[in-house]
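Visitor: following is a predicted model, sequence given first.
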Amino acid sequence: MSDLHVPGILPCQSIEALIATGAITSTTPFDADQVQPASLDLRLAGRAWRVRASFLPRHGKVRDRIREVAMHELDLTKGAVLERGCVYIAELQEAVKLPRGVSARANPKSSTGRVDVFVRVITDYGHAFDDVDEGYDGPLYMEIAPQTFSVLVRSGTRLNQLRLKAGVPERLRTESVGVDLTGEIAGFRGRRHAGVVDLDHEDGHDPRDFWEPLIPRNGQLLLDPGEFYILASKGAVEIPVMEAAEMTPIDPSVGEFRVHYAGFFDPGFGTDEAHGKGSKGVLEVRSHETPFILEDGQTVARLVYEPLTERPTRLYGESGSHYQRQGLKLSKHFRIWGE
């Protein structure tokens with residue numbers, strides 16, 4: 001395993017070592033492709049609860065709080081539809097017993113953000129969503145709130161991923177991410193009254209039933225309040241093999257919109273070495289209370305780069321990926337637009 005005294009993001013071989021030593025456990029065997037170059041996919045377990053409100057269990061256990069706010073229980077082993085506009089808490093198969101000096105942070109997987117499903121990890125006695133404190137020993141839960149589409153999930157569905165950190169990694173640099181509005185189709189807007197998206201069915205949905213293509217005018221796009229958009233970054237994104245990055249929203253004073261989901265970028269994304277040169281970043285954007293005119297090249301997010309503790313033994317996309325070499329692209333659940 002990497003030297004945990006060196007601050008940085010843990011690569012895949014260190015995550016696998018934590019699994020081997022029991023610091024990360026699961027109620028079922030781990031999937032062969034579950035460990036990514038610098039993150040671990042998390043899987044839904046057997047139960048979820050429709051709850052009347054979100055919560056942070058700062059002074060207790062998640063299970064005890066669920067009893068207070070649950071409306072009804074869902075059996076995920078048979079599959080269940082999570083309806084848009086509702087909030088659910090689900091058990092995860094994975095649990096952690098983090099060693100001293102190691103903490104973790106969760107984030108939605110790319111495919112989850114691109115269908116506007118808001119997910120956050122919750123821990124017992126947690127003071128912040130998505131943060132797993134150093135030394136935490138206990139179960140993991142996920143809050144799930146579909147925003148635009150109702151979704152079908154089941155035990156084993158992967159909606160988010162966990163990035164493990166030794167110490168407090170240095171912020172190497174921050175890069176601005178602009179939006180590209182030059183294409184014939186500049187983006188897509190979600191259709192609010194579409195059908196259900198099966199989150200385990202790849203290439204299985206006709207995008208025309210769920211998305212409306214957007215044609216820019218004079219390099220501009222009008223964002224309507226409350227609507228959900230898929231757009232692409234102006235420039236290519238490249239994550240060096242000894243680094244990882246997280247996309248973060250910009251200061252809201254820059255405009256009445258936000259990039260809705262922060263995202264992880266694993267080492268090798270968009271690099272020549274991993275055969276991904278020219279990959280764009282896909283942006284999930286939502287306008288706030290007022291209409292907003294977005295212009296070509298306008299900054300909409302920032303990429304924060306952090307070091308790895310050592311080089312990962314595999315890079316993003318080496319074993320295949322839906323999003324390496326991507327341009328403007330919907331999630332993997334949809335067939336290619338126009339085909």
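Guide: Now that the structure is in, tell me what you want to look at.

Visitor: what about residue 220, neighbour count?
Guide: By the criterion of other C-beta atoms under 10 Å, residue 220 has 13 neighbours. For glycine as for every other residue, the C-beta is placed from the backbone atoms N, C-alpha and C.

Visitor: for it, what are phi and psi?
Guide: phi -130, psi 160 (degrees, to the nearest 10).

Visitor: contact partners for it?
Guide: 181, 293, 294, 295, 296 (C-beta atoms under 8 Å, 6 or more residues apart in numbering).

Visitor: hang on, the fourth one packs against residue 217?
Guide: No: look at residue 295 against residue 217 with C-beta atoms under 8 Å: they stay out of range, at 11.1 Å.

Visitor: now the longest strand seen in the chain: average pLDDT?
Guide: Secondary structure of the chain per DSSP state E: the longest strand is strand 39-51. Average pLDDT, strand 39-51: 97.

Visitor: can you name every helix or strand that it contacts?
Guide: helix 62-69, strand 70-75, strand 87-97, strand 137-146, strand 158-166 (3 or more C-beta pairs under 8 Å, 6 or more residues apart in numbering; DSSP states H and E).

Visitor: go with 7 Å
Guide: helix 62-69, strand 70-75, strand 87-97, strand 158-166 (3 or more C-beta pairs under 7 Å, 6 or more residues apart in numbering; DSSP states H and E).

Visitor: and the residue of the chain most remote from its centre, how far from residue 295?
Guide: Within the chain, the residue lying farthest from the chain centre (C-alpha atoms, centre = their mean) is residue 218, at 31.9 Å. Using C-beta to C-beta, to the nearest Å, residue 218 is found at 9 Å from residue 295.

Visitor: same deal with residue 73?
Guide: Separation of residue 73 from residue 295 (C-beta to C-beta) stands at 47 Å.

Visitor: equivalent analysis for residue 308, please.
Guide: In this view, residue 308 and residue 295 are 35 Å apart by C-beta to C-beta.

Visitor: more neighbours: these two, which one.
Guide: Neighbours per residue (other C-beta under 10 Å) separate residue 308 from residue 295, with residue 308 holding more: 25 against 14.

Visitor: quick check, the more buried one in contact with residue 244.
Guide: Yes: between residue 308 and residue 244 there is a contact under C-beta atoms under 7 Å: 6.2 Å.

Visitor: can you check which residues contact both of those two?
Guide: In terms of C-beta atoms under 7 Å, 6 or more residues apart in numbering, residue 308 and residue 244 are both contacted by the residues 9, 38, 267.

Visitor: which of these lies closest to residue 195?
Guide: When the shared contacts of residue 308 and residue 244 are compared for distance to residue 195 (C-beta to C-beta), residue 38 wins out at 34.8 Å.

Visitor: contacts only, for that closest one.
Guide: By C-beta under 7 Å, 6+ apart, the neighbours of residue 38 are 9, 11, 12, 163, 244, 266, 267, 308, 312.

Visitor: per-residue confidence for the fifth one?
Guide: Put plainly, it is residue 244. For residue 244, pLDDT reads 94.

Visitor: which residues does it bridge with?
Guide: For residue 244, the beta-bridge partners are residue 306 (DSSP bridges).

Visitor: neighbours around it, how many?
Guide: 30.

Visitor: how about it, what does it touch?
Guide: Neighbours of residue 244 in contact, by C-beta under 7 Å, 6+ apart: 9, 38, 264, 265, 266, 267, 306, 308.

Visitor: mind listing what's buried along stretch 305-316?
Guide: Across stretch 305-316, burial judged by 16 or more other C-beta atoms under 10 Å covers 305, 306, 307, 308, 309, 310, 312, 314, 315, 316.
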